[in-house]
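Visitor: What shape does this take:
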Amino acid sequence: MDEAYELMGCGIAYLKETSYTFTAEAHFRYLRELHAGMQVRRFSSSISTPSACIISSSFVHAEEGWLSAMSENMVLHITRRRRRWCPFPISSAHGLPR
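Guide: As a prediction, the model looks like this:
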């Protein structure tokens, strides 16, 4: 998840300075077992609104293409000063939370 936050502009440096994110809800589905040494590809996407961001990830066996696991996370943006929900800052470059 840290990589997804970095891509959205909500990386570690940003979160330490101004705010933090809170996972309000998470769903995981484990469909098929992976073993040590197997190559895995992760595909992620996000849907953002001013009030929340939903990040979905799929984990696929790199060589054979079968789906191993899926996750969906609803993330809220919280201010450090007030310790309350606030809208995500919007990045003008991508239209995503930053």
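Visitor: When you work out contacts or count neighbours from here on, use the C-alpha atoms and nothing else.
Guide: Fine.
Visitor: Show the residue spans covered by the helices in the chain.
Guide: 2-8, 12-17 (DSSP state H).
Visitor: Can you tell me which of the ones you listed has the worst average pLDDT?
Guide: The minimum mean pLDDT among the helices of the chain belongs to helix 2-8 (a mean of 66).
Visitor: what about the strands in this structure?
Guide: Assigned by DSSP state E, the strands in the chain fall at 19-30, 40-48, 53-61, 67-79.
Visitor: May I have the beta-bridge partners of the nearest residue to Leu67 once chain neighbours are set aside?
Guide: Distances taken as Cα to Cα, 6 or more residues apart in numbering place Val60 nearest to Leu67, at 4.5 Å, with adjacent residues excluded. Val60 has these beta-bridge partners by DSSP bridges: Arg41, Leu67.
Visitor: Output stretch 72-84 as PDB - backbone C-alpha positions only.
Guide: Below are the C-alpha coordinates for stretch 72-84, written out as PDB (Å, rounded to 0.1, in the frame of the first residue of the first chain):
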ATOM      1  CA  GLU A  72     -10.100  -3.400  -1.500                       C
ATOM      2  CA  ASN A  73      -9.400  -0.600   1.000                       C
ATOM      3  CA  MET A  74     -11.400   2.500   1.800                       C
ATOM      4  CA  VAL A  75      -9.000   5.200   3.000                       C
ATOM      5  CA  LEU A  76      -9.900   8.500   4.800                       C
ATOM      6  CA  HIS A  77      -7.700  11.600   5.100                       C
ATOM      7  CA  ILE A  78      -7.300  12.800   8.700                       C
ATOM      8  CA  THR A  79      -5.700  16.100   9.800                       C
ATOM      9  CA  ARG A  80      -3.100  16.000  12.600                       C
ATOM     10  CA  ARG A  81      -4.200  19.200  14.200                       C
ATOM     11  CA  ARG A  82      -7.900  18.500  14.500                       C
ATOM     12  CA  ARG A  83      -7.700  14.700  14.400                       C
ATOM     13  CA  ARG A  84     -10.800  14.800  12.200                       C
END
